[in-house]
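J.: Could you work out the structure for the sequence below:
(chains A and B)
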Protein chains: 2
Amino acid sequence: MTESPYFSVSATDGAARTGLIQTARGPIRTPAFMPVGTQATVKTMLPEHVAATGADILLGNTYHLMLRPGAERMARLGGLHNFMNWRRPILTDSGGFQVMSLAKLRKMTEEGVRFRSHIDGSEYMLTPERSIEIQGLLGSDIQMVLDECTPYPATYDQAESSMELSMRWALRSAEAFGAQADHALFGIVQGSTYEDLRRRSVDALTSIGFDGYAIGGLAVGEGQAKMFNVLDYTGPLLPQDKPRYLMGVGKPLDIVGAVRRGVDMFDCVLPTRSGRHGQAFTKHGPINLANARYAEDPRPLDAASDCPASRDYSRAYLHHLFKAREYLGPMLLTWHNLHFYQQMMADLRTAIAEQRVEAFAAAFEAEQRRGEAEPPEEGLIAEAAQP
Amino acid sequence: MTESPYFSVSATDGAARTGLIQTARGPIRTPAFMPVGTQATVKTMLPEHVAATGADILLGNTYHLMLRPGAERMARLGGLHNFMNWRRPILTDSGGFQVMSLAKLRKMTEEGVRFRSHIDGSEYMLTPERSIEIQGLLGSDIQMVLDECTPYPATYDQAESSMELSMRWALRSAEAFGAQADHALFGIVQGSTYEDLRRRSVDALTSIGFDGYAIGGLAVGEGQAKMFNVLDYTGPLLPQDKPRYLMGVGKPLDIVGAVRRGVDMFDCVLPTRSGRHGQAFTKHGPINLANARYAEDPRPLDAASDCPASRDYSRAYLHHLFKAREYLGPMLLTWHNLHFYQQMMADLRTAIAEQRVEAFAAAFEAEQRRGEAEPPEEGLIAEAAQP
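T.: Down below sits the predicted model:
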């Protein structure tokens, strides 16, 4: 762990903050949204287009990459950045969350988790030390401690013993990581929806000292109100001078609400996964392009956008692509959704800098809840479609 | 049909020609390769990347488009160019070939073909007149007459009656098309592998008069030698001042051989379909990236290329993408293959202009047949992979 000016806050507005994380691979503007690049690719996207949406950093999944192509092979090929042709920072998770959701024949002990690959059944052991080793082999700029993501709901006793295990693993992760000038290690706060457990978790992590702090165990079914409640009391416990990362979140209004509560970093599969399934995020909420109402709708998703996917293709065309199961449908909608998310983050950063984040959030929410306007009437369609 | 300077030959070298076709949507450099955009998209490709590979024109399939989204709907949406965001010329086939290979419950009469959609079973009638009407609704720059692609092998009698039907349909197509300044209509020579039938077909078409002449009924299983033989005797029969289009061809060496025999235009699904299935065309012949030999091969497909897909990603990464069934694998390989084909066409045009097409063809064929070099040894791999 370093004590360098790793994170600098340039403005605050209530609990919300905007600033910069400095990495050896370049700066990350916060609040930041990290697109998910599970298998060394943000699905359907060219890396230059991911960067063009405004993403300063993306997330790689240690579980998937340790199985295929494998961490040692990746290191021989020059690391994850080189492998996937992405020159900006990468954050990797520890692999723990996906071991628990995807792997077969899991056996968890104090030492770590033994499991079999969901791809070919071969056996692996993931410990805090091995997770850090793998993340190092990948060349990850921001590495995460191995933890147990406490399921929801959990009794107090379950949440307590799970959190305590995660804190012992956090210490082992930090010891394995050691002191590195060019890479960062983040701790992860657990404790489910129990305030005193969250406080004890923060105390345990801050006494170790990390480059940043993630808030884990949320977005696992507890709902937005409970999630915001945890953020309300956990945020103030965390060091002001370190970035805060809310893992696996979320929908646009989740992100806006969490930024208002002081969160700096997010990752979520929603814009990419939704895009592959025909759902587009718009100013007026999500819409499904496979719906027949779009079959003759000549309007692009956002005529004023500087993203080609949002601007240059009609809803009728996107509808056709999804009906015809063409690759280009997921490609264009993922691109549009990632641009929508990055534009939202840019707007949040500006609103914080200009001390108007509450007004921005209220207006954004009102627009989102308004819903999509009906397509124009048929006479208008033919007219609007003229080149 | 117009008698404008639609096609101009700037150089010849033996039977090979290079020149320009002028369309209202811009020029087409010949010899030209047309990527196939079956369902209003070149599969896995953004239209701007198709253009960047050097494609001056692409091909749309009337059969697919008349079923979905439908010709009248496409017209209401501003035509095919507007719909798919492709501003350069488009050639459409007549729909006949794919009716015969894809549609259900086909019934062919003198009038046309009645069939049921392979998508939803609904009934359609395709006549020469309706095919021209549909191609007009799509806004196609180069339209094709409805014909019957004679199967191979065919007896003389079968080939004769099939060719004669196609010639009657060609006349009806030309009458339905009428005189159009901004669009072109091509006739299609049939006659299987029978020289006198090919001659009679050319006579029938030239007495009607078309903007260009396609050579149909080839690449249907007759093999390269028979195909070249048909080209050898059919080429000289065709008007020198009109473009010649060899439909559905082909492999790189097929195209080079056909250019040497005076063909100006080609279309084929090979670069796009192969790309989706892990096959890359290279200077030294096709390779399959799913092969384990590429798992740690740090070399790009072509380090000297100006195509990002060919230059910026290692074979090891492409191998990984195909193993992990990621969208980006088909996206990158299709892009690479289309660039390879367009580079081959550009090289052919230059070679013809410089009167060295035979030398170019001999060198190209020798390189293609040489096969791919082995990946470097393991020690070299780690070294080459350093960023």
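
J.: Give me the number of neighbouring residues for the residue nearest to residue A:263 when sequence neighbours are not counted.
T.: Among residues not flanking residue A:263 along the chain, residue A:246 sits closest, at 4.6 Å (CB to CB, 6 or more residues apart in numbering or on different chains). For every residue, glycine as well, the C-beta is placed using N, CA and C. Number of residues near residue A:246 (other CB atoms under 10 Å in any protein chain shown) recorded here: 29.

J.: Look up how far residue B:96 lies from residue A:115.
T.: For residue A:115, the distance to residue B:96 equals 56 Å [CB to CB, to the nearest Å].

J.: Look at the two and report which has more neighbours.
T.: Between residue A:115 and residue B:96, counting by other CB under 10 Å, residue B:96 is the more crowded of the two (26 against 22).

J.: thinking the more buried one is in contact with residue B:149, fair?
T.: Yes - in this structure, residue B:96 is within contact of residue B:149 by CB atoms under 8 Å, at 6.9 Å.

J.: and the residue nearest to residue A:263, what is it in contact with?
T.: Residue A:246 is in contact with A:214, A:215, A:218, A:219, A:231, A:258, A:263, A:265, A:266, counting by CB atoms under 8 Å, 6 or more residues apart in numbering or on different chains.

J.: Residue A:95 too?
T.: A:61, A:62, A:63, A:66, A:126, A:131, A:134, A:146.

J.: Most neighbours among these, please name it.
T.: Top of those by neighbour count (other CB under 10 Å): residue A:131, with 32 neighbours.

J.: pLDDT wise, what is that one at?
T.: Residue A:131 carries a pLDDT score of 98 in this model.

J.: Same check on residue A:375?
T.: 53.

J.: In the stretch 1-150 of chain A, which residue sits nearest chain B?
T.: residue A:78 (3.9 Å; CB to the nearest CB).

J.: So that residue is in contact with residue B:316, correct?
T.: No - using CB under 8 Å, residue A:78 is not in contact with residue B:316; the gap is 9.6 Å.

J.: Need the overlap of contacts for the two.
T.: residue B:298.

J.: Which one of these two is surrounded by more residues?
T.: Shown here are residue A:78 and residue B:316; by other CB under 10 Å, residue B:316 has more neighbours (25 against 19).

J.: and the more buried one, what element?
T.: helix B:315-323 (DSSP states H and E).

J.: who's in contact with residue A:319?
T.: Contacts of residue A:319 by CB under 8 Å, 6+ apart are A:289, A:290, A:291, A:292, A:294, A:295, A:297.

J.: closest to residue A:308 among these?
T.: residue A:289 (16.5 Å; CB to CB).

J.: what's the single longest helix in chain A?
T.: Determined from DSSP state H, the single longest helix within chain A is helix A:328-353.

J.: Could I get the average pLDDT for the helix or strand following that helix?
T.: With elements assigned by DSSP H and E, the helix or strand that comes after helix A:328-353 is helix A:357-370. Average pLDDT, helix A:357-370: 97.

J.: List the buried residues in helix A:357-370.
T.: A:357, A:360, A:361, A:364, A:368 (16 or more other CB atoms under 10 Å in any protein chain shown).

J.: Contacts for that helix next, please.
T.: With CB under 8 Å, 6+ apart, helix A:357-370 has contacts from A:13-14, A:16, A:252-253, A:256-257, A:259-260, A:283-285, A:344, A:347-348, A:351.

J.: hmm, 10 Å instead?
T.: Helix A:357-370 is touched from outside by A:11-18, A:251-253, A:256-257, A:259-260, A:281-286, A:344, A:347-352, A:354, A:356, with contacts defined as CB atoms under 10 Å, 6 or more residues apart in numbering or on different chains.

J.: Tell me where the stretch 251-387 of chain A is predicted with low confidence.
T.: A:373-387 (pLDDT under 70).

J.: redo that, cut-off 80
T.: Scanning the stretch 251-387 of chain A for pLDDT under 80 picks out the ranges A:372-387.

J.: Quick one: residues contacting the spatially most central residue of chain A.
T.: Taking CA atoms, centre = their mean, the centroid of chain A lies closest to residue A:267, which sits 0.5 Å from it. Taking CB under 10 Å, 6+ apart, we find residue A:267 in contact with A:32-37, A:57-59, A:91, A:93, A:214, A:245-250.

J.: same check, this time on residue A:119
T.: A:64, A:67, A:68, A:102, A:103, A:104, B:323, B:324.

J.: any idea whether it is helix, strand or coil?
T.: coil (DSSP: H, G, I helix; E, B strand; the rest coil).

J.: Need the pLDDT of it.
T.: Per-residue confidence (pLDDT) for residue A:119: 94.

J.: any idea how far it is from residue A:67?
T.: For residue A:119, the distance to residue A:67 - CB to CB - is 6 Å.

J.: ditto for residue A:321
T.: 32 Å.

J.: before we move on, what about residue A:209?
T.: On the measure of CB to CB, residue A:209 and residue A:67 end up 32 Å apart.

J.: more neighbours, those two?
T.: Neighbours per residue (other CB under 10 Å) separate residue A:209 from residue A:67, with residue A:67 holding more: 22 against 14.

J.: which residue packs closest to the more buried one, ignoring adjacent ones?
T.: residue A:117 (4.9 Å).
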